[in-house]
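**Student:** sequence and predicted structure, then a few things I'm wondering about:
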Amino acid sequence: MLKKRNYSKTHKSKSNKKHLLSSNNSERNRQKETDLIRLNKYIANAGICSRREADTLIQSGVIKVNGKIVKELGVKVSPNDKVQYDDQVLKVENKYYVLLNKPKGYITTTDDPFERKTVMYLVKNACKERIYPVGRLDRNTLGLLLFTNDGDIAKKLTHPKHQIKKIYHVVLDKNFKKSDLDKILKGIKLDDGFIKVDSIAYVQNTDNKREIGIELHSGKNRIVRRIFETFDYKVVKLDRVAFAGLTKKDIPRGKWRFLTDKEVSFLKMI
């Protein structure tokens, strides 16, 4: 009688051919496919560099998996694999999500050659891991700024296709005309293209026509200031009060807090 060939086992071994595991470790050989991640993501999650930069490291031959140099892109590893950058063993960092209520006078950069005040000073005690600002607020803009070492979340929140909404409280140098509000709501043309806000209105509970609330998803540079400058208004104060569904409730100016598990889950579902 002919022995029945185990096709499912053969297929499984082919599907995992890019998983570089030690051949003498049966436990690792049974690693589920869902537990494997691409090597460049593993390196990025260790806080060494971005995924794109990790690809360069892999191709240059300075990355080892279980003692073997790996130069092929697309290799997958498990949490049990030993990944090295030169002689340094990499460990995946814990993920941190820090929400800052940015004050005026701080620039959004990780380092400044002119030794100006940066937002990194305000969150320096949040964690030992390196965290980075998601997007940016200019020096004179106040409000919500998110920091994280989760590259996937950062990329998602800054990519135009996800259309992440932001809400700003704007104070102008003079009363805002209703006719200009209507024009902005319909959409206007700027030097770098057409822009249409999601909503715009006078701030409620005040008779002051200089205070405006504006919601939009564009991430263009100085977009809110440029919108009002088009109609000859000067923005006296600009405060981002909401970002990706997050608000600055209970965060005093210049202070920060960690996101809750519920908030992190919400961001991952975007």
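**Tutor:** All right, it came through fine.

**Student:** ok, the closest residue to V203 other than its chain neighbours - contacts?
**Tutor:** Leaving aside its sequence neighbours, V203 sits nearest to E211 (CB to CB, 6 or more residues apart in numbering; 4.0 Å). Bear in mind the C-beta positions are built from the backbone N, C-alpha and C, glycine included. By CB atoms under 8 Å, 6 or more residues apart in numbering, the contact list for E211 reads 169-172, 202-203.

**Student:** only whichever of those residues are buried, select them in PyMOL.
**Tutor:** Only the buried entries of the contacts of E211 go into this PyMOL selection, using 16 or more other CB atoms under 10 Å:
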select buried, resi 169+170+172+202
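
**Student:** what does stretch 255-269 contact?
**Tutor:** Here stretch 255-269 makes contact (CB under 8 Å, 6+ apart) with 95-101, 122-123, 126, 147, 153, 156-157, 244-246, 250-251.

**Student:** could you redo the last one with a cut-off of 7 Å?
**Tutor:** Contacting residues not belonging to stretch 255-269 are listed as 97-101, 122-123, 126, 153, 244-246, 251 [CB atoms under 7 Å, 6 or more residues apart in numbering].

**Student:** can you pull the contacts of the residue nearest the centre of the chain?
**Tutor:** For the chain, the residue nearest the mean C-alpha position is A154 (1.2 Å; CA atoms, centre = their mean). By CB under 7 Å, 6+ apart, A154 lies in contact with 132, 134, 148.

**Student:** burial count for the residue nearest to R136 when sequence neighbours are not counted?
**Tutor:** What sits nearest to R136 in space, not counting adjacent residues and going by CB to CB, 6+ apart, is T108, at 3.8 Å. By other CB atoms under 10 Å, the residues close to T108 number 17.

**Student:** doesn't M120 make contact with T108?
**Tutor:** No: if you go by CB atoms under 7 Å, T108 and M120 don't touch, sitting 9.1 Å apart.

**Student:** quick revisit: quick check: buried residues in the host helix or strand of the residue nearest to the centre of the chain?
**Tutor:** Using DSSP states H and E, A154 sits in helix 151-158. Across helix 151-158, burial judged by 16+ other CB under 10 Å covers 151, 153-154, 156-157.

**Student:** so what are the sheet partners of the helix or strand following that helix and their directions?
**Tutor:** The first helix or strand that comes after helix 151-158 along the chain, using DSSP H and E, is strand 166-172. With DSSP bridges as the test, strand 166-172 is paired with strand 211-216 (antiparallel), strand 235-243 (antiparallel).

**Student:** got those strands as CSV, with distance to F228 and mean pLDDT columns?
**Tutor:** Shown next, in CSV, are the strands paired with strand 166-172 (distance: least, CB to CB, whole Å; pLDDT from 0 to 100):
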stretch, distance to F228, mean pLDDT
strand 211-216, 8, 97
strand 235-243, 6, 98
